[in-house]
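Participant: Task: produce atomic coordinates for the following.
(chains A, B and C)
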Amino acid sequence: MELLSELRSRIEIADGLAALAQAQDAHDWKVVAGFFLPNATYTHPGGTLVGVDAIVDRIVRALDRLDASQHLVGSIVTRLDEEGAASVAHFQALHVRVGTVGGDLYTIGGSYADRWVQTDDGWRIASRTQTYQWREGNRDVIAAPSE
Amino acid sequence: MELLSELRSRIEIADGLAALAQAQDAHDWKVVAGFFLPNATYTHPGGTLVGVDAIVDRIVRALDRLDASQHLVGSIVTRLDEEGAASVAHFQALHVRVGTVGGDLYTIGGSYADRWVQTDDGWRIASRTQTYQWREGNRDVIAAPSE
Amino acid sequence: MELLSELRSRIEIADGLAALAQAQDAHDWKVVAGFFLPNATYTHPGGTLVGVDAIVDRIVRALDRLDASQHLVGSIVTRLDEEGAASVAHFQALHVRVGTVGGDLYTIGGSYADRWVQTDDGWRIASRTQTYQWREGNRDVIAAPSE
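Facilitator: Next up is the predicted model:
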C-alpha cells in the first residue's frame, strides 16, 4: 500500500537522522559510515567532501578527541519524491573537552539538508549539506591539537 | 483505513511544526503565512493576535532584522479529535544579531500549544498559544531598533 | 496488519517520550507516574531506583521547587522486538530557579535509553537509563535546600 510505505519511509528517515547523530556521539564509526552511500557527498561551510571514507575521516577527526558530544536533532521535515527522499532538520552539536582553557563546552547550531536513497539495507544518505546558524562557547574545545 | 489516516495526520502535523519553524528561520514569510488559517489566533505572553496578517506581521518584525535564528522543535505530542488535532511541542528559539553590544545571542525556550484543522491543502493552525519557560543571553539582540 | 501496527507503536513511543517530558515540566506527577510500570527501574549516574514510587519521588524532589523546567527531547530512535520496544533519545533539561546566587539557569544534556512494554493502557516504561553528556550554568539551581 503506497501511503503505508510512505509513512514507513518518513519514520525510518527521521529515525536514521537520530541514529546517525547518536552513532557520532558514541564514536561508533562503523555505524556512521553505514549511513552514507559509497559515493556520498558532504558539503559544509568549508567545502565539499566526496566519498564515505573522506566523510567519516572528517567526522572522526572532529569528534574522536572530545570527551563527549551531543548532536541533538529536531524540527525534522521529510519529503518523498521519485528519486528517494529529502530531509531538512535542525541540530545542536554540543562539544565537550574537559580542561580546555577558557571553558569545556562549544556548541554549533545549524541544519542538515540531506538527500536519501532506499537500498536493500535501508535508507542511506547520498548527499548532506550542513549549514551553521549560531555558535556559542569556547571554540578552542574543537581546535585541532598543535603538532 | 482509519488508523492509517490517523498516523498520516500525526506525521504531517509534526512535519508541519518543523516546516513552519524552518520557514521562520529562512524568512520565507509566504510559507509561514500558509500555515495559519485566515482567522487564526496567536496568543503569546504579551497578548493575543487575531488573523494571519497580524500574526505574520509580528513574526516578521521579530525576526526580519536578525542575522540568523533557529527555532528548534522537539518533544512533539499530537492528539486527533473530532474537530481536528491538538499538538504541544517544546521549542528553543535562538536569535542572532552580530555585533550587538553585550553579546550576539539570545535564546528563548518554551512551548507551542496548537489547534490544527485539516484543509484541502493540508493541516493548518487555527490557534497557537506560545509560552516561555526560560531565557538566556543578551536580550538586546531582539530589542526593537530605536526610531 | 503488522507493519501498520509497528508504525503506530513507534509513533506512540515517540509521543510518550514527549508527553512524559512535558508532564515533568508541568509537575503533573500523576501523568509522570502513569508512564512507568509498577516495578520499573530507573538508572541514573548516581544509582538505580526500583519501583514507580521511588522513581516519581526522585523526580518530584528534583523538579518540584524549581520555577520552571524544559525537558526537550530530540534524536529519537525506536526499535520493536519480541518483548516490546527500545528507544534511545537525546534530551536537554533546562532548570530554572529565579534568584539563585550565581545565575538562574542550569542545563543538563544527555540521553534516555528506555525499555517499553505494551499494556492495555498504552506503552509503559519498564526501565530507563539516563546518562549525561554535558552540563552548563549554575549547579546551585538544582541544589537541595539546606535544612
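Participant: Could you tell me the model confidence score at the residue sitting nearest the centre point of chain A?
Facilitator: Closest to where the C-alpha atoms of chain A average out (C-alpha atoms, centre = their mean) is residue A:21, at 5.6 Å. Here, the pLDDT recorded for residue A:21 equals 98.
Participant: quick one: secondary structure of it?
Facilitator: helix (DSSP: H, G, I helix; E, B strand; the rest coil).
Participant: what residues are up against it?
Facilitator: Residues near residue A:21 by C-beta atoms under 8 Å, 6 or more residues apart in numbering or on different chains: A:71-73, A:91, C:75, C:90. Backbone N, C-alpha and C define where each C-beta goes, glycine included.
Participant: 6 Å - rerun?
Facilitator: A:71, A:73, C:75 (C-beta atoms under 6 Å, 6 or more residues apart in numbering or on different chains).
Participant: and residue A:49, bridged to which residues?
Facilitator: Bridge pairing for residue A:49 (DSSP bridges) gives the partners residue A:42.
Participant: Chain A: helices as residue ranges?
Facilitator: Ranges of helices in chain A, per DSSP state H, are A:2-25, A:29-34, A:52-63.
Participant: Run through who's touching the second one.
Facilitator: Right, helix A:29-34. Contact with helix A:29-34 is made by A:23-24, A:52, A:56, A:60, as judged by C-beta under 6 Å, 6+ apart.
Participant: nearest residue to the residue nearest to the centre of chain A other than its sequence neighbours?
Facilitator: Using C-beta to C-beta, 6 or more residues apart in numbering or on different chains and skipping residues adjacent in sequence, the residue nearest residue A:21 is residue A:71, 3.8 Å away.
Participant: Which residues of chain A lie near chain C?
Facilitator: A:7, A:11, A:15, A:18-19, A:21, A:68, A:70, A:72-74, A:94, A:96, A:105 (C-beta under 6 Å from any C-beta of the partner chain).
Participant: Swap in 8 Å and give it another go.
Facilitator: Proximity of chain A to chain C (C-beta under 8 Å from any C-beta of the partner chain) is limited to residues A:4, A:7-8, A:11, A:14-15, A:17-19, A:21-22, A:25, A:68-74, A:92, A:94, A:96, A:105.
Participant: one step back: please produce TSV containing the helices of chain A, extended by distance to residue C:131.
Facilitator: Formatted as TSV, the helices of chain A follow (distance: least, C-beta to C-beta, whole Å):
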stretch	distance to residue C:131
helix A:2-25	10
helix A:29-34	18
helix A:52-63	17
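Participant: Could you identify which of those is most buried?
Facilitator: Sort the helices of chain A by mean neighbour count, taking mean count of other C-beta atoms under 10 Å in any protein chain shown, and helix A:2-25 sits at the top with a mean of 20.
Participant: Fine, thanks again, bye for now.
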